[in-house]
Each structure stands twice: as structure tokens, then as C-alpha cells.
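> Below are the sequence and a predicted model; questions follow.
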Amino acid sequence: MQSYLKSSGLKRSVLILLLIFFSTYTFAQDAMKNENSVAINLKDGNIKWGACPDLIPNGCQVTVLNGDITLNNADVLFRFEPNTDIPEHWHNSAERMILLQGELEVTYEGEETRILKEGFYAYGPEKKAHNARCSGGEPCLLFVAFEKPVDAFAGKSN
């Protein structure tokens, strides 16, 4: 009798877990169906820019193109004035980047400096310290897709 009770308790636990999983899955699918597409003209001058985090003291502006920076999968656009230094920092999220304008020198910890030019794609691993500089005579416009919530911490990661 005890083995039957243990077995039926296990079956009930598995059933509850399956119900929770399918409920969550169905809710997520419904949320994705209700998500709207996004199309933004980056060249028309109607973007609302805000200040960058204190980590970058000046010469930087930022806007969120899509998503919520406190959740996964936010798309962000940075604008750096020429000769702006982006001090060493790291993120909990990996970054997928495309330089849309300008020239950006990027150095990841333990790697050679790379010079990104307009149209270059770059990937930055999560928690890997890096710094950058908008070099050249024009502002740098950098698209960054974050996988995890957007954050930035000065210095090297632990």
C-alpha cells in the first residue's frame, strides 16, 4: 500500500509540474502572438535620446529601440561623440553589436584591440571586461542587442 501511495504522489507531482509547464508555455505563446512589430527610421532625427549611465561621463547618448532594458532581449542604440572614451566595464549579458556610423576601437580583456568601422558586426561575451573609444572625426552610432537585462559595471568582472 505504501508503494502505491508513493507512486500516486509522484504521479500527482509530475502531473502538477506538467500543468504548470503547459500553462506557462501557453501564456508565453499568447504573449508572443500579441507582440507588435517595430520599424524605426534611424536617419530621420526623431529619436528620443537620453543620457548614458554614469559609467560614461560625457559624450554619450542612448535610446531603447525595442524591448524593456529590465528584461531579456532589449535592442539599444548608443551615440558617442568623436574622441569619447568608454572606460573598462562589463555586462551580465552577451552583446551583439553593429557599428552603423563612425569608427570604434574596442579592446576586450586579454585580446588585441579591434577597430570597427561602419557596417562591422561584433560579439562581446557576457561578463568579459572591455573598453572602447570613438575614434575618427564623426560620431559613432552603435546598435547593441542584449540577451539579458541591460546593465554595466565598471572595471573587471569577478
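Sure thing, it's come through.

> in this structure, which spans are strands?
50-51, 60-66, 74-80, 85-90, 95-101, 103-108, 114-117, 121-124, 130-135, 140-146, 153-154 (DSSP state E).

> Reformat those strands into TSV and put mean neighbour count and distance to Asn36 next to each item.
Just so you know, the C-beta spots here come from the backbone N, C-alpha and C atoms, and that holds for glycine as well. TSV is the format used below for the strands of the chain (neighbours: other C-beta atoms under 10 Å; distance: least, C-beta to C-beta, whole Å):
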stretch	mean neighbour count	distance to Asn36
strand 50-51	9	22
strand 60-66	17	10
strand 74-80	21	14
strand 85-90	18	32
strand 95-101	18	22
strand 103-108	19	31
strand 114-117	14	31
strand 121-124	14	26
strand 130-135	21	32
strand 140-146	21	18
strand 153-154	14	32
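
> could these go into a markdown table alongside mean pLDDT?
Listed next are the strands of the chain as a markdown table, based on pLDDT from 0 to 100:
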| stretch | mean pLDDT |
| --- | --- |
| strand 50-51 | 92 |
| strand 60-66 | 95 |
| strand 74-80 | 96 |
| strand 85-90 | 95 |
| strand 95-101 | 98 |
| strand 103-108 | 98 |
| strand 114-117 | 97 |
| strand 121-124 | 98 |
| strand 130-135 | 97 |
| strand 140-146 | 97 |
| strand 153-154 | 93 |
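
> and of those strands, who's closest to Asn34?
strand 60-66 (15.0 Å; C-beta to C-beta).

> Kindly calculate the angle that that closest one makes with strand 130-135.
When axes from the mean of the first three to the mean of the last three C-alpha atoms, to 10 degrees is applied, the directions of strand 60-66 and strand 130-135 differ by 110 degrees.

> Just checking: what are the partner strands of strand 60-66?
Sheet pairing for strand 60-66, assigned by DSSP bridges, gives strand 50-51 (antiparallel), strand 74-80 (antiparallel).

> Including distance to Asn34, could those strands go into a markdown table?
Putting the strands paired with strand 60-66 into a markdown table (distance: least, C-beta to C-beta, whole Å) gives the following:
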| stretch | distance to Asn34 |
| --- | --- |
| strand 50-51 | 27 |
| strand 74-80 | 18 |
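
> Out of the ones you listed, which is closest to Leu100?
Once the strands paired with strand 60-66 are compared by C-beta to C-beta, strand 74-80 is nearest, at 8.0 Å.

> Now do that closest one: distance to the chain's middle.
9 Å (C-alpha atoms, centre = their mean, to the nearest Å).
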